[in-house]
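In: Coordinates for the following, if possible.
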Amino acid sequence: MRIDWIVHRLLDRLRARPVAEGRQSYSQCGEDLIVRFVFDSLRIPAPSYLDIGAHHPYRLNNTCIFYAAGSRGVNIEPDPALLAGFTDTRPRDVNLNIGIGEHEGVLKFFVMSVNTLNTFSAEEAQALAQDGKVRIEQIREVQVRTVNSVLAEQFRQAAPDFVSIDVEGGDLQILRSFDFTRWRPKVFCVETITYSDQRDGRKIPEIAALLQDQGYFAFADTYVNTIFVDRQVW
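Out: Residues are numbered from 1 along each chain as shown. Sure, this is the predicted structure:
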């Protein structure tokens, strides 16, 4: 059999294949593309979402990819300067300038010189500041609500399809207060590592253990974040 004939046959087959549509990632480590794959597999083209610690409307954001494709959701960002970007560029979403905690009330919010490290945790903020590489720029008083009260107000009967949590030290606390008997998102993306500028952060095994106890499994892990999927829907 002639080699040139084989090569032409292979080229014909490649030309006949449709070209896959390129997708841009807005997440830190491509998490949104993995979550997109999950929802494509579940045949949910426009998943709803709750983004806790949303930070920026498209930079390092896990839900922008869905908004760009026509989805709607709720973004929670306690820093008003950061929330203004959502109001301007994601008007279809509900954008709330609040924090999420175990109890309703007002808490001190530490605005850091690196705003991806903003936190409600005084311990976390002080530890970062002691390193000398990050400063506490401002301490604000911010309204805090429970995740279940926000879900009841914004989603009423049906849980959001996707929940993203990135709150610098408070992720486990939020999950511990989550009412899984009433609200059962299909997918979670949670930061599961402590911050370290030396790239030696510690994994937080309690987060995976809690979600596994609730019937979720770790679909993927990017070292920084873990994506969990409900076994009942997969």
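In: elements contacting the longest strand seen in the chain?
Out: Using DSSP state E, we find that the single longest strand of the chain is strand 136-145. For strand 136-145, the elements it packs on are strand 99-100, strand 105-112, helix 122-130, judged by 3 or more C-beta pairs under 8 Å, 6 or more residues apart in numbering; DSSP states H and E. The C-beta positions use only the backbone N, C-alpha and C, and glycine is treated the same way.
In: From residue 62, how far out is the most centrally placed residue in the chain?
Out: Nearest to the mean C-alpha position of the chain, counting by C-alpha atoms, centre = their mean, stands residue 164 at 2.8 Å. Distance of residue 164 to residue 62, given as C-beta to C-beta, to the nearest Å: 4 Å.
In: shared neighbours of those two, anything?
Out: When contacts are counted by C-beta atoms under 8 Å, 6 or more residues apart in numbering, residue 164 and residue 62 have 51, 189 as shared neighbours.
In: can you give me the strands for this structure?
Out: 49-52, 73-76, 94-96, 99-100, 105-112, 136-145, 162-165, 187-191, 216-221, 225-230.
In: what residue ranges in this structure score low on pLDDT?
Out: Scanning the chain for pLDDT under 70 picks out the ranges 1-22, 197.
In: please redo it, this time with the cut-off set to 90
Out: 1-23, 80-81, 101-103, 109, 113-134, 156-157, 167-170, 194-201 (pLDDT under 90).
In: what about the helices in it?
Out: Taking DSSP state H to define them, one finds helices in the chain at 3-16, 31-41, 64-68, 80-89, 122-130, 147-154, 171-177, 205-213.
In: What residues of the shortest one count as buried?
Out: When you say that, I think you mean helix 64-68. 64-67 (16 or more other C-beta atoms under 10 Å).
In: Which single one of those is nearest to residue 29?
Out: Closest approach to residue 29 among these (C-beta to C-beta): residue 65, at 13.5 Å.
In: where's that closest one relative to residue 33, distance?
Out: 7 Å.
In: Residue 105 too?
Out: Residue 105 is 37 Å from residue 33, by C-beta to C-beta.
In: what do you get for residue 191?
Out: 17 Å.
In: which one of these two has more residues nearby?
Out: Set residue 191 next to residue 33 and count neighbours by other C-beta atoms under 10 Å: residue 191 wins out with 23 against 14.
In: and the helices and strands packed on strand 136-145 as TSV, adding mean neighbour count and distance to residue 209?
Out: Below are the helices and strands packed on strand 136-145 laid out as TSV (neighbours: other C-beta atoms under 10 Å; distance: least, C-beta to C-beta, whole Å):
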stretch	mean neighbour count	distance to residue 209
strand 99-100	24	21
strand 105-112	17	26
helix 122-130	16	21
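In: Redo the ones you listed as TSV? Include distance to residue 231.
Out: Converted to TSV, the helices and strands packed on strand 136-145 look like this (distance: least, C-beta to C-beta, whole Å):
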stretch	distance to residue 231
strand 99-100	25
strand 105-112	34
helix 122-130	32
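In: right, so the helices of the chain: which one is the most enclosed?
Out: Scoring the helices of the chain by mean neighbour count under mean count of other C-beta atoms under 10 Å gives helix 64-68 as the most buried, with a mean of 21.
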